[in-house]
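> Got a predicted structure plus its sequence, pasted below:
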Amino acid sequence: MDATIGGAADYNAASVREGWHSLCDPTVQFGHPELTKLLELWVSHAGATGIPPRREMSARMLKTMLRDVAIYERVPSPAGRRYRVRLIGSGFAQIVGDLTGKFIDEAVAAEIVPRWHGALDATLGAAAPLRFVGREETNGMIFLTGEFFSAPLMADDGQVNLVLGSARYSGKRQWPEIEAETRQMLGLD
């Protein structure tokens with residue numbers, strides 16, 4: 001099983017080392033207004049713990065964004081941890097497939113599992129929202145690039161083992177252009 005990633009810097013180091021077409025931006029300066037709106041909603045429900053309870057980020061609360069939302073659950077396993085997809089909206093599912101109820105390591109190609117786990121690990125490790133940019137590599141969709149919102153949620157039992165995600169995809173810009181722009185913005189060059 002791949003090593004656990006602790007935050008944005010660890011994710012970006014792993015991305016370079018492993019050749020992932022993805023970067024993590026801890027500044028959460030989203031280009032897409034719907035992702036900014038989701039960030040504002042998350043922050044408004046964070047409360048005293050700094051992380052919203054899952055029950056506060058309900059389907060009713062997320063109604064206008066639900067088709068582009070996913071919720072992942074980190075589950076302990078003998079190999080360390082696994083992630084189960086608890087919910088995936090129809091828009092998200094059109095790109096990555098309907099993964100509801102499935103474990104990522106059983107539902108996506110083995111070569112991209114570490115990247116998925118890395119992004120979810122980074123989110124839980126940061127205990128804060130993160131912005132990711134990347135080239136989609138699921139289901140042969142490499143012509144798409146995306147901007148991704150990822151933020152931790154607290155389960156009903158008080159554990160912070162859930163991740164709320166959302167994505168906006170486009171085929172207008174190629175990954176090398178987005179990568180260069182993001183690397184420069186983050187001072188990674």
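It's in.
> hey, let's count contacts and neighbours off CA atoms from now on
Fine.
> Report the rounded mean pLDDT for stretch 111-120.
Averaging pLDDT along stretch 111-120 gives 93.
> for K102, what are its contacts?
By Cα atoms under 8 Å, 6 or more residues apart in numbering, K102 lies in contact with R84, V85, R86.
> Please disregard the earlier target; I meant A167.
A167 makes contact with L35, D68, V69, F92, G146, E147, F148, F149, according to Cα under 8 Å, 6+ apart.
> would it count as being in a strand?
Yes - per DSSP: H, G, I helix; E, B strand; the rest coil, A167 lies within a strand segment.
> any idea how far it is from I71?
For A167, the distance to I71 equals 12 Å [Cα to Cα, to the nearest Å].
> One more: P52?
Taken as Cα to Cα, the span from P52 to I71 is 13 Å.
> Over to L186?
L186 is 27 Å from I71, by Cα to Cα.
> Mind checking which of the two has more residues around it?
I71 (22 against 14; other Cα atoms under 10 Å).
> Now name the helix or strand holding the more buried one.
In the assignment (DSSP states H and E), I71 maps to strand 69-77.
> Tell me which residue is most central in the chain.
By Cα atoms, centre = their mean, the chain has its centre lying nearest to S150, at 4.0 Å.
> contacting residues around it?
Counting by Cα under 8 Å, 6+ apart, S150 has contacts L120, T123, P129, L130, R131, F132, V163, L164, G165, S166.
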